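[1] Mind looking at a prediction? Sequence and model below.
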Amino acid sequence: MTVILGISGSLRRLSHNTELLRVAAANLPDGARLEIFDLSPLPFYNADLEAEHGFPEPVQRFRDAIADADALIFACPEYNYSVTGVLKNALDWASRPVFGPPRQPAPLQHKPFGIVGAGGRFGTLRAQLHLRQIAIHSEMRGLMRPEVFVERAREKFDAEGRLTDERVRGEVRDLVYALVAFTRELACR
């Protein structure tokens with residue numbers, strides 16, 4: 001079973017980006033499952049907190065979920081031409097190694113990932129590029145293609161936040177199939 005952890009950079013109840021993760025979960029190939037992680041309980045990253053008390057319980061749950069997953073799929077909104085503060089904060093927590101004893105690498109290290117994103121005129125192109133730059137630090141393994149940039153998202157989702165565009169649904173399906181294949185290929189190396 002290939003386990004994918006879905007991480008949305010949006011906390012909005014009717015988030016188009018979180019809906020893309022639900023669409024991905026409904027369109028998986030055989031032998032794969034997708035679990036969506038809620039980032040809202042994570043505190044702001046603070047190195048003093050980590051040094052004095054270790055990782056807070058919600059952060060440890062997040063780190064464990066990443067470690068237990070075979071791959072990640074980020075639903076990446078774009079705020080002010082970049083990733084959201086919520087997503088960046090989560091990545092900051094998950095990028096930290098444990099200095100021990102015993103020393104443990106960050107759970108993001110070498111983790112395969114794919115990205116989807118719904119936004120405005122350019123989809124989430126700029127935010128996805130920034131997310132890829134952030135991923136380099138943790139030596140993550142990014143799926144390069146297909147790319148999913150849902151432009152003019154308000155036209156492609158209904159009032160309840162459900163995706164109505166079949167072309168986008170197909171793009172998300174293609175991405176999740178490619179991510180599962182990419183993850184399985186990396187596991188065989």
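    Yep, it's here.
[2] next one: phi and psi at Phe37?
    Note on Phe37: its backbone torsions stand at phi -100, psi 130 [degrees, to the nearest 10].
[3] meant to ask about Ala75, not that
    Main-chain dihedrals, Ala75, degrees, to the nearest 10: phi -100, psi 110.
[4] for the residue nearest the centre of the chain, what are its contacts?
    With distances taken as Cα atoms, centre = their mean, Phe74 lies nearest the centre of the chain, 2.1 Å away. Contacts here follow Cβ atoms under 8 Å, 6 or more residues apart in numbering; on that basis Phe74 touches 7-9, 87, 113-116, 131. Every C-beta, even on glycine, is put in place using the N, C-alpha and C of the backbone.
[5] and if we set it to 7 Å?
    Applying Cβ atoms under 7 Å, 6 or more residues apart in numbering, we find Phe74 in contact with 7, 9, 113, 115, 131.
[6] Can I take it that the third one is in a helix?
    Read it as Phe113. No. Assignment of Phe113 by DSSP: H, G, I helix; E, B strand; the rest coil gives strand, placing it outside any helix.
[7] distance of it from Leu186?
    In this view, Phe113 and Leu186 are 11 Å apart by Cβ to Cβ, to the nearest Å.
[8] So in the protein, which helix runs the longest?
    helix 166-187 (DSSP state H).
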